[in-house]
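*Asks:* 3D, please:
(chains A and B)
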Amino acid sequence: MGPLSPMETSALLLSLNASAWAVLWSLPLAVGCGWLLGTRRFPGHAALNALVHLPLVLPPVVLGYLLLVLLGRNGVIGGPLNELFGIRIAFSGQAVVLACAVVGFPLMVRAIRQSAEAIDPRYARAARSLGASEMRIFCTVTLPLMAPGILTGTTLAFARAVGEFGATITLAGNIPGRTQTLPLALFTVTQTPGQEAEAMRLCLLSLVLAGAALLASEAVSRRMSPQGVPA
Amino acid sequence: MIEIHLRHLQGAFVLDVDLALPARGITGLIGRSGSGKSTLFSCLAGHLRPTRGCISLRGRALYHSEAGIDVPPARRGIGVVFQEGLLFPHMSVARNLAYGARNVSTAFWDEVIAALDIGHILDAKPARLSGGERQRAAIARALMAEPELLLLDEPVSALDPGLKARTLELIARVQARTQIPMIYISHAPEEVRRLCDQVVTMQDGRVVSVTSEGRVGAPYAARTPAAGLRCAR
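*Replies:* Numbering: from 1, shown residues only, chains lettered A, B, ... in the order given. Okay, the predicted model is just below:
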């Protein structure tokens, strides 16, 4: 098999880097959405739920294209951003992070929502009767009890982000060293005759990464009891 | 004095309570399932807003529908102990106890721990406790917030008979030492008779009797339903 080529190393690092930033940026919003959807009933609940889960059922290329329409140089948001601040998101490293964040988001919210739903609402009542404010209850009771869901969701979203292809190639392109992630590099070598060994190497690398992420997610789930207590 | 004058409609069920109880000792609240004791518990704790009426504790209005007063649970000064204890599972017993303890004195802290015999489990996580230990720790946690009134919702119903008797003994002991008034909700009259100074019996959403029984035989005051709200504002 031999050592990784500079192109492969760059793609691997870019994938890991973009995926890490993607889950980090989306985490606060995912915690908020998961908690809101799991514990509160409000007008628009179903609409928010559908919106959050949309990236799960839409083809990633559609997502990438919609993001491109919004954030491209002439897009609804991308146009003013470019004109006023000189910020260009499409076909940049940020576009890779954004594409990874959007596809991983529903998985993260889903896991967090499930753990929020599983919390007995009487814990909050008990905390209230002890004089705790709503913010203190959220930080000291709800959030720790949601921890297993947060960790599982983060790991799953990370694994999904590492494997992201369609939205990334549409929104960020396939620029080696800049936006070419692991799946994009694999796609490139599969299109080039005589690079079967490289393709297999990248394929195995993707398998190892995805497997490691899933194993980590399993380990995290196992270490936590149903109420979020490390065993 | 704990004054409760309220009417609450919940579908076909009507809770209609007119009570004045001394804010001391242990008051038992008994009744069969569906008698309204849990609804009354929720109204007192502030988990449920009564349709109309008033609740006051030592002259302080906690709820007054006409005056628009509805003190949130966190500021009612009413502690609650649920049937399952519901200790925060990610915290040790000591951290659970400290959660609501703001300016509690070391003497009070030690007194409650000694009275409830939980000194040996302070470092343990709730998952490792027996049912009796969990309930005692939950009672201690509620007491550490130094509430003006403690509501206990069937705290020993899930325990086996031996543990039940021991826990009841410890509840009586900690009440005598802390002097925090308690309302003890149960569907088991024998538990309540053994423990309580006075017993309120509910049936079909109404109080059918208020008796003075038990070890102290403290006086009680039960008022007949009257028009208007007499609670302090």
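*Asks:* low-confidence ranges in chain A?
*Replies:* A:1-2, A:225-231 (pLDDT under 70).
*Asks:* how about the residue in chain B that chain A sits nearest to, what does it touch?
*Replies:* Across chain B, no residue is closer to chain A than B:G100, which sits at 2.8 Å (CB to the nearest CB). For glycine as for every other residue, the C-beta is placed from the backbone atoms N, C-alpha and C. Counting by CB atoms under 8 Å, 6 or more residues apart in numbering or on different chains, B:G100 touches A:S129, A:L130, A:G131, A:A132, B:G79, B:R141, B:A142, B:M144, B:A145.
*Asks:* Report the central residue of the chain.
*Replies:* Since no chain was named, I'll use chain A. Nearest to the geometric centre of chain A sits A:G104, at 2.9 Å (CA atoms, centre = their mean).
*Asks:* wrong one, chain B
*Replies:* Closest-to-mean residue, chain B, CA atoms, centre = their mean: B:L151 / 1.1 Å.
*Asks:* Distance check, that one against B:P181.
*Replies:* 10 Å (CB to CB, to the nearest Å).
*Asks:* what does chain B put close to chain A?
*Replies:* B:45-47, B:72-76, B:78-80, B:82, B:86, B:88-90, B:99-100, B:102, B:125, B:127, B:141-142, B:145, B:147 (CB under 8 Å from any CB of the partner chain).
*Asks:* residue boundaries of the helices in chain A?
*Replies:* Along chain A, the segments classed as helices by DSSP state H run A:6-39, A:45-57, A:60-71, A:78-80, A:93-117, A:121-129, A:134-137, A:143-162, A:166-171, A:182-190, A:196-223.
*Asks:* Just checking the distance from the shortest one to the centre of its chain.
*Replies:* Okay, so that is helix A:78-80. 25 Å (CA atoms, centre = their mean, to the nearest Å).
*Asks:* in it, what counts as buried?
*Replies:* Neighbour counts over helix A:78-80 (16 or more other CB atoms under 10 Å in any protein chain shown) mark A:G78 as buried.
*Asks:* Name the nearest residue to A:F42, sequence neighbours excluded.
*Replies:* A:L36 (7.8 Å; CB to CB, 6 or more residues apart in numbering or on different chains).
*Asks:* What is the neighbour count of that neighbour?
*Replies:* When counting by other CB atoms under 10 Å in any protein chain shown, one arrives at 18 neighbours for A:L36.
*Asks:* now it: how far from chain B?
*Replies:* 21 Å (CB to the nearest CB, to the nearest Å).
*Asks:* That residue against A:G44, yeah?
*Replies:* No: using CB atoms under 8 Å, A:L36 is not in contact with A:G44, being 10.3 Å away.
*Asks:* What about the residue in chain A positioned nearest to chain B, how many residues nearby?
*Replies:* Distances between chain A and chain B by CB to the nearest CB are smallest at A:L130, namely 2.8 Å. Burial measure for A:L130: 24 neighbouring residues, criterion other CB under 10 Å.
*Asks:* A:T168 too?
*Replies:* 29.
*Asks:* show me the contacts for it.
*Replies:* A:P60, A:G64, A:A95, A:V96, A:A99, A:C100, A:T179, A:T181, A:P183, A:L184.
*Asks:* follow-up on the earlier one: tell me the contacts of the residue nearest to the centre of chain B?
*Replies:* B:L151 sits in contact with B:F41, B:L44, B:A45, B:I78, B:G79, B:V80, B:V81, B:M182, B:I183, B:I185, where contact means CB under 8 Å, 6+ apart.
*Asks:* Spatially, what comes nearest to residue 130 if we skip its sequence neighbours?
*Replies:* In the absence of a named chain, chain A is used. In space, A:L130 is closest to B:G100, 2.8 Å off (CB to CB, 6+ apart).
*Asks:* wrong chain, I was asking about chain B
*Replies:* B:L163 is the one closest to B:S130 (CB to CB, 6+ apart), at 7.5 Å.
*Asks:* Show me the contact partners of stretch A:122-138.
*Replies:* A:35, A:140-142, A:145, B:45-47, B:72-76, B:78-80, B:82, B:86, B:88, B:99-100, B:102, B:141-142, B:145, B:147.
*Asks:* cool, stretch B:132-141 as well?
*Replies:* A:126, A:130, B:81-82, B:84-87, B:93, B:96-97, B:99-100, B:112-113, B:116-118, B:121, B:126, B:129, B:150, B:152, B:155-156, B:159, B:163, B:166-167, B:170-171, B:174.
*Asks:* just stretch A:26-37 next, same as before
*Replies:* A:42, A:45, A:48-49, A:52, A:101, A:104-105, A:108-113, A:115-116, A:138, A:142-143, A:146, A:149-150, A:153-154, A:157.
*Asks:* Any buried residues in that stretch, and which?
*Replies:* A:S26, A:L27, A:A30, A:V31, A:C33, A:G34, A:W35, A:L36, A:L37.
*Asks:* returning to that earlier point: among the contacts of stretch A:26-37, which ones are buried?
*Replies:* A:49, A:52, A:101, A:104-105, A:108-113, A:115-116, A:138, A:142-143, A:146, A:149-150, A:153-154, A:157.
*Asks:* Please identify the residues of chain A in proximity to chain B?
*Replies:* So chain A meets chain B at A:120, A:122-123, A:125-133, A:140-141, A:144-145, A:147, A:225, A:227-229 (CB under 8 Å from any CB).
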